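Asks: pasted the sequence and its predicted model underneath.
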Amino acid sequence: MIVKFWGVRGSIPTPLTQSQLKSRIAAAVARIRPPDLESADSREAFLAKLPPYIFGTVGGNTTCLSVHAPNSPLLIIDAGSGIRELAAMVNQQTKKIRAFHIFFTHFHWDHLQGLPFFSPAGYTKSNTLYFYSPKRNLEEIIRGQMVPPYFPVDLDAMAAQKRYIRLQEPTARLGEVEIRWKNMRHPGGSVAYKMSHNGRSMIFSTDTELSPEDFKRTPENKRFFENADLLILDSQYTLGEAIEKYDWGHTSYSMAVDFAAEWNIRTLVLFHHEPLYNDRKIYGMLNSAEWYRERLGKKQFRVLLAIEGMELDI
Ligand SMILES: [Zn+2]
Ligand SMILES: [Zn+2]
């Protein structure tokens with residue numbers, strides 16, 4: 001099962017600014033020594049040694065993931081601005097994908113704003129968009145996000161066939177992938193998804209403010225969280241902010257580490273990066289999360305940052 005990150009930023013798209021770009025170039029130039037410039041190889045080696053927050057970025061698009069397993073359709077979670085990049089990939093494929101299964105965690109703008117730009121796939125009549133959520137009024141919600149004067153055309157302009165599937169049963173199956181869902185704490189609610197294939201599983205829980213309830217070893221929690229291979233979890237805040245912003249609906253990276261340790265997760269991915277934070281700060285949070293995990297004495301799992309374009313094979 002391949003999980004790909006198309007958008008990892010929380011709350012609002014966050015492009016790299018001109019001043020950030022300039023300071024990165026200045027930081028890179030300041031590190032160059034004459035031998036680094038001698039040949040194409042030495043230049044490559046120099047660039048490869050730069051810290052990721054100088055020669056890279058976690059990305060500025062809002063939430064969108066794809067999950068692809070053998071003998072199964074392409075699954076998409078959320079339609080933040082990252083879905084535009086996914087649409088471009090789909091358009092380049094020689095073997096055209098015709099069915100798009102989009103699961104929504106919730107409908108805050110950063111998780112929906114890319115849908116009108118799911119082009120040309122969403123505007124192709126022979127394609128079908130399947131929308132999934134436990135919400136009763138799913139069609140109304142999807143239609144409501146795309147109306148003039150907020151957007152020049154309404155949802156009917158997206159010529160693909162549309163199906164609205166309300167998740168009622170605890171599990172669903174598409175191809176060989178089993179999908180479970182669970183309500184999480186967030187203003188207005190959000191849904192975590194667990195997708196399992198061939199004995200491997202990934203959980204996606206963004207826009208989640210973990211509470212003591214989530215740590216309780218209830219049969220429901222155990223079934224959903226325990227021993228997952230991959231947990232992609234909201235880690236927008238530092239611990240201080242999580243206290244300050246109690247009830248805002250997000251989790252701190254340190255609580256994310258506690259949670260992964262509690263449920264014996266194999267890989268934790270920090271997700272929904274704060275738009276106020278630059279790459280250096282976000283990589284700093286990864287370092288702090290790793291330090292904290294070691295301090296807990298938990299070496300059985302690894303911690304990664306969600307980075308736009310990253311693929312994980314689980
Ligand atoms: Zn969000
Ligand atoms: Zn939200």
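Replies: Looks like it arrived, so ask away. Bear in mind the structure is a predicted one, so any value in this text is a computation, not a measurement. Numbering: from 1, shown residues only. Ligands and ions are numbered 1, 2, ... in the order given.
Asks: what's the neighbour count on residue 215?
Replies: 15 (other Cβ atoms under 10 Å). Every C-beta, even on glycine, is put in place using the N, C-alpha and C of the backbone.
Asks: who's in contact with it?
Replies: Residues in contact with residue 215 (Cβ atoms under 8 Å, 6 or more residues apart in numbering) are 221, 258, 259, 262.
Asks: 10 Å instead, please
Replies: Residue 215 sits next to 221, 225, 255, 258, 259, 262, 263 when contact means Cβ atoms under 10 Å, 6 or more residues apart in numbering.
Asks: next one: residue 91
Replies: By Cβ under 10 Å, 6+ apart, the neighbours of residue 91 are 97, 119, 120, 121, 124.
Asks: what about the first one, which SS state?
Replies: Spelled out, it's residue 97. coil (DSSP: H, G, I helix; E, B strand; the rest coil).
Asks: what residues are up against it?
Replies: Residue 97 touches 68, 73, 74, 89, 90, 91, 121, 127, counting by Cβ under 10 Å, 6+ apart.
Asks: would you turn the contacts of residue 215 into a markdown table with neighbour count and distance to residue 170?
Replies: Output for the contacts of residue 215, formatted as a markdown table (neighbours: other Cβ atoms under 10 Å; distance: Cβ to Cβ, whole Å):
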| residue | neighbour count | distance to residue 170 |
| --- | --- | --- |
| 221 | 16 | 14 |
| 225 | 24 | 14 |
| 255 | 21 | 26 |
| 258 | 18 | 26 |
| 259 | 21 | 21 |
| 262 | 16 | 22 |
| 263 | 21 | 18 |
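Asks: number of residues surrounding the nearest residue to residue 122 once chain neighbours are set aside?
Replies: With sequence-adjacent residues excluded and distances taken as Cβ to Cβ, 6 or more residues apart in numbering, residue 122 is closest to residue 158, at 4.5 Å. When neighbours are defined as other Cβ under 10 Å, residue 158 has 22 of them.
Asks: for the one 4 residues further on, same thing?
Replies: Neighbourhood size, residue 162 [other Cβ under 10 Å]: 17.
Asks: tell me what it is bridged to.
Replies: Going by DSSP bridges, residue 162 is paired in beta bridges with residue 129.
Asks: relative to residue 86, how far out is it?
Replies: Plainly put, residue 162 is 18 Å away from residue 86 if you go by Cβ to Cβ, to the nearest Å.
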